[in-house]
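[1] Take this sequence and fold it.
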Amino acid sequence: MAEKPALVASEAPPRVKPSNYPEPFATRMSGRVKHPLGDLFGLRSFGVNLTRLHPGSVSALHHRHSRQDEFIYVLEGEPTLFTGDEVTQLRPGMVAGFPAAGVAHHLENRTGRDCVILEVGDRAQDDEVHYPSDDIQAVMGEDGRWCFTHKDGVPY
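    All right, here's what the predicted structure looks like:
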């Protein structure tokens, strides 16, 4: 929990472990730095991350949640949004939302400067994540942690 009632978001400590994904997927998240802002204040119903994508990095594997809604707001830079088969160039001030069980999505920074995005997502119980482009799937465990398996159910 934050020691103060407010803080400068960019000064919040970054996530200790850069990615929850198992290898070989975790390495693909290098260049992504998440600052878990909601956790600092003990928020339980939804999460908020300030995410910096260095040039050439990605926000996540291409994915969709079964129960979790997600929302992003672009603060800096021009990330490329991939939704299903569509590609959209974003710029500061643009927003995008991803309803639960909707289209798969992710961001890539294909520019030469950092992109900064504010991410908001609810913390729906029994959520599952589907990754159409990779041999991985995730289920939220009772302990609140993601459990990753191959698509055939074999654990990583």
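
[2] CA only for contacts and neighbour counts going forward, please
    Fine.

[3] Could you pull up the mean pLDDT of stretch 96-106?
    When the per-residue pLDDT values of stretch 96-106 are averaged, the result is 97.

[4] in it, what's buried?
    Of the residues in stretch 96-106, those buried under the neighbour-count criterion (16 or more other Cα atoms under 10 Å) are 98, 99, 100, 102, 104, 105, 106.

[5] Among these, which one sits closest to residue 128?
    Using Cα to Cα, the shortest approach to residue 128 within the buried residues of stretch 96-106 belongs to residue 100, at 9.9 Å.

[6] quick one: contacts for residue 15?
    33, 34, 35, 36 (Cα atoms under 8 Å, 6 or more residues apart in numbering).

[7] Next, work out how far apart the closest residue in space to residue 138 that isn't next to it in sequence and residue 124 are.
    Leaving aside its sequence neighbours, residue 138 sits nearest to residue 148 (Cα to Cα, 6 or more residues apart in numbering; 4.5 Å). Taking Cα to Cα, to the nearest Å as the measure, residue 148 and residue 124 are separated by 17 Å.

[8] Look at the two and report which has more neighbours.
    The neighbour comparison of residue 148 against residue 124 (other Cα atoms under 10 Å) goes to residue 148, with 21 against 16.

[9] host element of the more buried one?
    With the criterion set as DSSP states H and E, the secondary-structure element containing residue 148 is strand 146-149.

[10] What lies in contact with that strand?
    Residues lying outside strand 146-149 but in contact with it, judged by Cα under 8 Å, 6+ apart, are 20, 21, 22, 136, 137, 138, 139, 140, 141, 155, 156.

[11] which among the residues you listed end up buried?
    Members of these classed as buried by 16+ other Cα under 10 Å are 21, 136, 137, 138, 139, 140.
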